[in-house]
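**Q** What follows is a predicted protein model with its sequence.
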Amino acid sequence: MNRSKISTKNLLKLGFSHYEAGVYISLLNNGPLPVKEIANEIGVLPNAVYRLLTKLEKKSLITSSGSYPKVYKIISPSIALEVFCDRKIAEINKIRSQIKKSNKTEAIDYPTKIELVNGQNNFFKRYRKLARHAHKEILIISIGEEVTREVALANRDALARKVRIRFIVHKADSSNIQILRSWARMGLKVKHFPDWGFHLVVVDRNKSLLAVNNPKETSERIALDIHSIGLSKAFADYFDAMWKRSMGLRVVENKLKVVN
């Protein structure tokens, strides 16, 4: 590399810190120097200069004598800086290749997979499986009914992993308010929106369960276990819209007090 083209600005572009560049330019312009003279040249404490020199040595850009005090000098820029630049280019190309592979993986359009799930027990069983593999969030729209101990434990374990659980219940009255309070105490975020007849679960916005139940016998239900990022994202967007329209649990409790 031509010495006339070596400047602090260019060294900074190559990833040098400001002080590393200062040390390198000092040695380039003044020839071999001991630590104290470099420190005086660039206005940095000797201990800090020594650390900078150690970094430049590890990058194979400078070398030092074995005498005491050590004298440092640059290795010919036409060799050392060229090799340094080649390594940087190789690192960039490696990162670029990794990004391309990552983008290809993310761009794969996995076919939608939908499985039929019959009955409340099988619905709860499938929910527990999804909850165990949740990483960030679980979104639920449901009646607001009592759940099995296994489902409660699955929720507890998810919360312990810092998974956020938001729950919109269709029913919130004196018959189930204690259940809703217990969920809130556990750590679930609970809101109420009056509706009926379906259940929705979305896990990490890429998997979901959608069920319809018999209004007269809610344990009778048919669900779809949906493995589709597109559909699950749409369900999650619907949940977010309904969440904004739903009443907080405190509002529900205050209304119940007024009624009672």
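**A** Nice, I can see it. Numbering: from 1, shown residues only.

**Q** What ranges does this structure have for its strands?
**A** According to DSSP state E, the chain carries its strands in the segments 33-34, 62-64, 71-74, 113-118, 137-142, 164-169, 189-192, 198-203, 207-214, 217-227, 247-248.

**Q** Output those strands as JSON lines; include the columns mean neighbour count.
**A** (Glycine included, C-beta is placed from N, CA and C.) Below are the strands of the chain laid out as JSON lines (neighbours: other C-beta atoms under 10 Å):
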{"stretch": "strand 33-34", "mean neighbour count": "19"}
{"stretch": "strand 62-64", "mean neighbour count": "18"}
{"stretch": "strand 71-74", "mean neighbour count": "19"}
{"stretch": "strand 113-118", "mean neighbour count": "12"}
{"stretch": "strand 137-142", "mean neighbour count": "22"}
{"stretch": "strand 164-169", "mean neighbour count": "20"}
{"stretch": "strand 189-192", "mean neighbour count": "20"}
{"stretch": "strand 198-203", "mean neighbour count": "22"}
{"stretch": "strand 207-214", "mean neighbour count": "20"}
{"stretch": "strand 217-227", "mean neighbour count": "16"}
{"stretch": "strand 247-248", "mean neighbour count": "15"}
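
**Q** Could you chop the chain up by domain?
**A** Following automatic domain parsing, one gets these domains for the chain: 3-105, 113-259.

**Q** could you dump those domains to CSV with mean pLDDT?
**A** As requested, the domains of the chain are exported to CSV (pLDDT from 0 to 100):
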stretch, mean pLDDT
domain 3-105, 86
domain 113-259, 88
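
**Q** So which of these is the most surrounded?
**A** domain 113-259 (a mean of 16; mean count of other C-beta atoms under 10 Å).

**Q** Centre of the chain to that one, how far?
**A** Counting by C-alpha atoms, centre = their mean, to the nearest Å, domain 113-259 is centred 24 Å from the centre of its parent chain.

**Q** Then stretch 251-260?
**A** 39 Å.

**Q** Residues touching that stretch, excluding its own?
**A** Contacts with stretch 251-260, where a contact means C-beta atoms under 8 Å, 6 or more residues apart in numbering, come from 172-174, 177, 180, 192.

**Q** Over to stretch 54-69?
**A** 20, 23-24, 27, 32, 34-36, 53, 70-75, 80-81, 83-84.

**Q** Distance-wise, check the most centrally placed residue in the chain relative to N206.
**A** Geometric centre of the chain, nearest residue: K136, 8.7 Å, by C-alpha atoms, centre = their mean. Distance, K136 to N206, using C-beta to C-beta, to the nearest Å: 10 Å.

**Q** swap in S182?
**A** Distance of S182 to N206, computed by C-beta to C-beta: 29 Å.

**Q** swap in F16?
**A** Taking C-beta to C-beta as the measure, F16 and N206 are separated by 43 Å.

**Q** ditto for E20
**A** For E20 relative to N206 (C-beta to C-beta), the value is 44 Å.

**Q** separation between the closest residue to H18 other than its chain neighbours and I25?
**A** Closest residue to H18 apart from its sequence neighbours, by C-beta to C-beta, 6 or more residues apart in numbering: L12 at 6.8 Å. From L12 across to I25, the span is 11 Å (C-beta to C-beta).

**Q** surely the residue nearest to H18 meets A21?
**A** Yes. In this structure, L12 is within contact of A21 by C-beta atoms under 8 Å, at 5.8 Å.

**Q** Output the contacts of stretch 251-260 in JSON lines, with distance to K5 appended to each entry.
**A** Compiled in JSON lines, the contacts of stretch 251-260 are given as follows (distance: C-beta to C-beta, whole Å):
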{"residue": "A172", "distance to K5": "73"}
{"residue": "D173", "distance to K5": "78"}
{"residue": "S174", "distance to K5": "81"}
{"residue": "I177", "distance to K5": "76"}
{"residue": "L180", "distance to K5": "71"}
{"residue": "H192", "distance to K5": "69"}
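
**Q** Understood, closing this out.
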